[in-house]
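Trainee: how does the following fold in three dimensions:
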Amino acid sequence: MATPNYSYEKRQRELAKKRKAEEKRNKKSRPDDGSAPAEEHNSAPDGNSADGAPPATPPAA
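Mentor: So this is what the prediction gives:
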């Protein structure tokens, strides 16, 4: 039976901690105005994106 790779497991835990800390920092840096996420803010009311490009169409199945 193979021995556990403790170094790999430790590195994965460290990376998870860094990701969580980064998400927390990003969440704190964004203003919490109760609105939709930033991904939805890039479209104008008429359905076109704010930069004038037409909205992306989903690929045909």
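
Trainee: where does the chain have low pLDDT?
Mentor: 32-56, 60-61 (pLDDT under 70).

Trainee: in it, which spans are helices?
Mentor: 6-29 (DSSP state H).

Trainee: residues near Ser29, how many?
Mentor: 7 (other C-beta atoms under 10 Å). C-betas here are computed from N, CA, C, even on glycine.

Trainee: and the gap between it and Lys20?
Mentor: 15 Å (C-beta to C-beta, to the nearest Å).

Trainee: again, but for Lys27
Mentor: To Lys20, Lys27 is 11 Å away according to C-beta to C-beta.

Trainee: same deal with Glu14?
Mentor: Distance from Glu14 to Lys20, by C-beta to C-beta: 11 Å.

Trainee: same question, Lys10
Mentor: 16 Å.
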